[in-house]
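> I need the structure of the sequence given here:
(2 chains)
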Amino acid sequence: MSRPRLAAVSVAVAVLALPAVALAYPQFQLSRDQTCTGCHLSPAGGGLLTENGLAVAESSSTWGGAPEAAHGRLVGPSWLTVGADLRAAVGVLGNQGPQPAAFPMQAEAEASIHKAGFSLYATLGIQEGDSALKFIEAREHYAMWQSDATGTTGLYVRVGRFMPVYGLRFAEHNAYTRQFGQTPLYGETYGAAVEYIDPRWEAHVTGFIHDPLQDPVEHGDGAAAYAEVRPAKAFALGAEGRYASSTDDKRTAGGVTAKYWIPAVNLLLQAEGQTIHQTFAAGSNRNQLVSYLMASWFVRDGWLLDVALSQYDEDTHVKGIDREAVDANLHWFATSHWELLLTNRVQTIGLGNGGKTSGYSLLQIHYRL
Amino acid sequence: MIGCIRKIMLLALAVLPACATETTDTRPETADYIIEAILAPSCGRGACHSSVTVAAGYAFDTLDAAKASMRKQAENGQKLVVANDPKNSRLVTILSDGGKPMPADAPLPDADIALITSWVAAGAEGLP
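Predicted structure coming up:
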């Protein structure tokens, strides 16, 4: 490798650590199960899998294999569930020219201790940081009670550190609705949530405060609510609202979501629109718009193609600062534990006004223990 | 079924015309606004120049963190903003540099860079 190229790679590695702490695969809701809790222990989705989730991981992959932790070789007591996620990426980033990039994304272990409706859930991982204290992170840790100890519906109450449920909760943190919306990477807060899950509807209400112990990404205190109704098995409509207040700003956000599964062609459509009114401590304010539309085609066992359109307007009163992007993500769930994801984006500024264009193409490797 | 798809598409497309209310740029040329409204969402993300990672010594996710990190880096001889001199202000040049501009995956809108340039040229009000 030439020295300039090596230098470019080094810079990319050092500066562009773009971890993706997975929230969930909302593509699997309606297409594989009605609710997030059908496959995950958490009422928000993401993280450790239920028995049904393990079965879906196996049946949705090309070659399957024992989906349990450590490929079934790690058999623990029934009250303990463990797992881990490792992710890394290599590819090209392009802002006015391609720059090679390679970086770790996630190295995180998870455990849940559960008994008679009560559970303790915790993650422990490593992340980029400027101190040893920040290097080790416990992104989520909470205590939970659920009314149906052995089921996947009913009332859930959580207290601890987690991401307040809001919107579609994509795994990719650079989805516009996450990056510019209200669920950014490392946006977990301390809070208490009351959540109800039913096959026909669900609701989540969370009161939260920013993490007082370490530098948080969400600096505000406030509340978030998300509700979703599923009038038909293949159709869901959601509404969301959120308020956060910090020393820098106050944000009032709202939005809608929609999902439609078309089994005849194995296609899932998802959309989300958010508005955010932000008032700065210095006195000015702005209105932002974020929207996302994704079509996910389950091509065949193990293969999933997402094509998404996104739009972000950072201030609706200013011309030419809107951003639009087209994403094309090809997932290959090779086995119950291995996933390859080719993720691509083309982004432009001020669509139709000759604004700057950029993009990236990254190959992600994901291993779930 | 087709009707539902059409409704979803129309809902998504309905968001775009909402931008038609755009007018001229009257945003404040202040450190507070530039840091909170422009740098924080584009540069101060969790994995980049946030208080969590402080990549390259900078954190832009809050006003206090941005000012503190810029002050600290300036004390180390790496001044990000030179008041009244945008051409020698790294903050301006790295956003528009033709070689390896930041953010690496997505540029800032020209109007944002112009606002930052104008703020620096006017004396970079609000920076320590």
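> A:Thr335 touches A:Gly65, doesn't it?
Yes - the criterion here is C-beta atoms under 8 Å, and A:Thr335 meets it with A:Gly65 at 4.6 Å. Placement of C-beta: from N, CA and C, glycine included.
> Quick check: which ranges of chain B have low pLDDT?
Low-confidence segments of chain B, defined by pLDDT under 70: B:1-24, B:98-99.
> Compare A:Thr335 and A:Gly65 (neighbour count), which wins?
Neighbour totals were compared for A:Thr335 and A:Gly65, and A:Thr335 leads with 19 against 15 (other C-beta atoms under 10 Å in any protein chain shown).
> how about low-confidence regions in the stretch 1-150 of chain A?
Applying pLDDT under 70 to the stretch 1-150 of chain A flags residues A:1-24, A:128-134.
> Do you have the helices of the stretch 51-200 of chain A handy? List them.
With DSSP state H, counting those that start in this stretch, the ranges of helices along the stretch 51-200 of chain A come out as A:51-59, A:132-135, A:176.
> out of those helices, deepest packed?
Each of the helices of the stretch 51-200 of chain A was scored by mean neighbour count; the highest is helix A:176, a mean of 23, by mean count of other C-beta atoms under 10 Å in any protein chain shown.
> Disregarding residues adjacent in the polypeptide, which is nearest to A:Met105?
A:Arg87 (3.8 Å; C-beta to C-beta, 6 or more residues apart in numbering or on different chains).
> tally of neighbours for that neighbour?
When neighbours are counted by other C-beta under 10 Å, A:Arg87 registers 22.
> quick one: it from A:Glu51, how far?
24 Å (C-beta to C-beta, to the nearest Å).
> quick one, what contacts the closest residue to A:Gly91 other than its chain neighbours?
Using C-beta to C-beta, 6+ apart and skipping residues adjacent in sequence, the residue nearest A:Gly91 is A:Leu362, 3.5 Å away. A:Leu362 sits next to A:Ala89, A:Val90, A:Gly91, A:Val92, A:Leu93, A:Ala101, A:Leu342, A:Thr343, A:Asn344 when contact means C-beta atoms under 8 Å, 6 or more residues apart in numbering or on different chains.
> Of these, just the buried ones, ChimeraX syntax please.
Selection of the buried residues among the contacts of A:Leu362 in ChimeraX, burial being defined by 16 or more other C-beta atoms under 10 Å in any protein chain shown:
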select /A:89,91,92,93,101,343,344
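> quick one: A:Gly47 from A:Ala111, how far?
A:Gly47 is 10 Å from A:Ala111, where distance means C-beta to C-beta.
> of those two, who's got more company?
Between A:Gly47 and A:Ala111, A:Gly47 has the larger neighbour count (other C-beta under 10 Å), namely 24 against 18.
> for the residue nearest to A:Thr35 when sequence neighbours are not counted, what are its contacts?
Distance criterion C-beta to C-beta, 6+ apart; nearest residue to A:Thr35, sequence neighbours excluded, is A:Ile197 at 5.4 Å. With contact set as C-beta under 8 Å, 6+ apart, A:Ile197 has these partners: A:Thr35, A:Cys36, A:Thr37, A:Pro43, A:Thr152, A:Thr153, A:Gly154, A:Tyr156.
> pLDDT score for A:Ile197?
Listed pLDDT for A:Ile197 reads 97.
> Thank you kindly, that will do.
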